[in-house]
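1. got a predicted structure plus its sequence, pasted below:
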Amino acid sequence: MNSTERLIILDRDGVINQDSDHYIKSLAEWIPYPQAISAMGRLSQAGWTLCVATNQSGIARGYYGEAALKQMHQRLHDLVHAEGGDIAHIVYCPHGPDDNCNCRKPLPGLLREIRDRLGLSGLEGSWMVGDSLRDLQAGEQMGCHNVLVRTGKGSYTEQKGELPAGAAVFDDLASFAHWLLKTHP
């Protein structure tokens, strides 16, 4: 397999940690799913490169600053490291929906940043895991295999029935990791 076929790009809120309609504004509010953290450790140990691509419009809205986000992401790195894993890169969009940036999912700017950071020519064959349609739309534009998890807003997204063709659906990140490690060792 080439390097893009061993790359998993994860949305953060609703996939790795609990989501909130009121935004995750501090380290105290950032509550990881334990099974997601252990799944990330297992995937990393099996040779998968893990990256995170997350919209964080709460910064533009003034709900929290980049220092608070950095604390959350450091805690994520620490937890995954404690499970024997590694996160290669975390990218985020700090803009609001009306800021006309090119990085806010469903636009593929964050995924392009990951591609460039990892020195890849493309992302075809990699995996995009999210809980919303916009996550999968960003992945689709970059040629990723799309995975919807039912955690976070995933069940609601699934019920709307607007998933890109070929998108796989799993209960959570742990069940996706279990399947992937069995089918793509």
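-> On my side now, so go ahead.
2. use CA for all of it now, contacts and neighbours both
-> Will do.
3. count the neighbours of S38 for me.
-> By other CA atoms under 10 Å, the residues close to S38 number 21.
4. tell me if I am right that it is in a strand.
-> No. According to DSSP: H, G, I helix; E, B strand; the rest coil, S38 belongs to no strand; its state is helix.
5. residues in contact with it?
-> V80, E83, A174 (CA atoms under 8 Å, 6 or more residues apart in numbering).
6. would you map the strands across the protein?
-> 7-10, 49-55, 89-93, 127-130, 145-149, 168-170 (DSSP state E).
7. any weak-confidence spans in this structure?
-> 1-5 (pLDDT under 70).
8. how about 90 then?
-> For the chain, applying pLDDT under 90 flags the ranges 1-5, 161-162, 185.
9. mind listing what's buried in the longest helix anywhere in the chain?
-> Identified as the longest helix of the chain according to DSSP state H is helix 66-82. The neighbour-count check on helix 66-82 (16 or more other CA atoms under 10 Å) flags A68, L69, M72, H73, L76, H77, L79, V80, H81 as buried.
10. for stretch 6-22, same thing?
-> 6-19.
11. quick check, nearest of those residues to Q141?
-> For the buried residues of stretch 6-22, the minimum distance to Q141 (CA to CA) is 13.6 Å, reached by I9.
12. still on that earlier bit, turn the strands of the chain into CSV, including distance to G139.
-> What follows is those, written out as CSV (distance: least, CA to CA, whole Å):
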stretch, distance to G139
strand 7-10, 9
strand 49-55, 10
strand 89-93, 14
strand 127-130, 5
strand 145-149, 6
strand 168-170, 13
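13. and among the ones you listed, the most buried is which?
-> When you average the neighbours per residue for each of the strands of the chain (mean count of other CA atoms under 10 Å), strand 127-130 leads with a mean of 29.
14. put the alpha carbons of it into CSV.
-> Only the C-alpha atoms of strand 127-130 are listed here, as CSV (Å, rounded to 0.1, in the frame of the first residue of the first chain):
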residue,chain,number,x,y,z
TRP,A,127,-9.8,7.6,4.9
MET,A,128,-11.9,10.5,6.1
VAL,A,129,-13.9,9.8,9.3
GLY,A,130,-16.6,12.3,10.4
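15. which helices and strands sit right next to it?
-> With contacts taken as 3 or more CA pairs under 8 Å, 6 or more residues apart in numbering; DSSP states H and E, strand 127-130 sits against strand 7-10, helix 133-141, strand 145-149.
16. compile those into CSV and extend it with columns for distance to I37.
-> Converted to CSV, the helices and strands packed on strand 127-130 look like this (distance: least, CA to CA, whole Å):
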stretch, distance to I37
strand 7-10, 12
helix 133-141, 19
strand 145-149, 15
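17. residues contacting the residue located most distally from the centre of the chain?
-> Distance from the C-alpha centroid of the chain, by CA atoms, centre = their mean, peaks at G62 (22.7 Å). Applying CA under 8 Å, 6+ apart to G62 gives no contacts.
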